[in-house]
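My questions concern the predicted model and sequence given below.
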Amino acid sequence: MKAVLTRVSSASVTVDGDVVGQIDCPETGGLLALVGVGSEDAPDAWETMVRKIAELRILDEEKSVSDAGAPVLLVSQFTLMGRTAKGRRPSWSDAAPGDMAEPVIRKIADGLRARGIQVEEGRFGAMMQVTSVNEGPFTVLVEC
């Protein structure tokens, strides 16, 4: 499992012209979390990802999402699992199929909400337009 976590002041996901998820957090900051689920991920990798998203101190003043009461926009991103070492086309063989990945993304969203974090989401499997106003910019790659 991989995630790209970007500190943002706002972010949104639009599907077919409709905003399906949006955070606006200019004072606290928030995170845009692009998460890719791998076909070989450990069964409990989602729990580690929840902890990392909630507890990494990457917001202003070295605060975490939990510390700051900041929101998260969670977007499933299978392309993070692409292999690019050979050739000119990424290989998606490491990405979990949709029927395996979708429940994991759901567990991550539910796990964050169980910690009291406001979570907005993209739409799994849809063609999404993701916009963000990055702060810093500050972006980290998390692998579980």
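Structure's in. What do you need?

C-alpha only now, for contacts and for neighbours.
Fine.

can I get the CA coordinates of stretch 126-133 in PDB?
What follows is stretch 126-133, C-alpha atoms only, in PDB (Å, rounded to 0.1, in the frame of the first residue of the first chain):
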ATOM      1  CA  ALA A 126     -14.700   6.900 -11.300                       C
ATOM      2  CA  MET A 127     -12.800   9.200 -13.600                       C
ATOM      3  CA  MET A 128     -12.200  12.100 -11.100                       C
ATOM      4  CA  GLN A 129     -10.900  15.600 -11.400                       C
ATOM      5  CA  VAL A 130      -8.900  16.300  -8.300                       C
ATOM      6  CA  THR A 131      -7.900  19.900  -7.500                       C
ATOM      7  CA  SER A 132      -5.800  21.100  -4.600                       C
ATOM      8  CA  VAL A 133      -4.200  24.200  -3.200                       C
END
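
so how far is that stretch from its chain's centroid?
12 Å (Cα atoms, centre = their mean, to the nearest Å).

same question, stretch 72-92
Distance of stretch 72-92 from the chain centroid (Cα atoms, centre = their mean) equals 13 Å.

what's the first-to-last distance across it?
Stretch 72-92 has an end-to-end distance of 26 Å (criterion: Cα to Cα, to the nearest Å).

Ignoring the adjacent residues along the chain, who's closest to Val130?
Closest residue to Val130 apart from its sequence neighbours, by Cα to Cα, 6 or more residues apart in numbering: Val13 at 4.6 Å.
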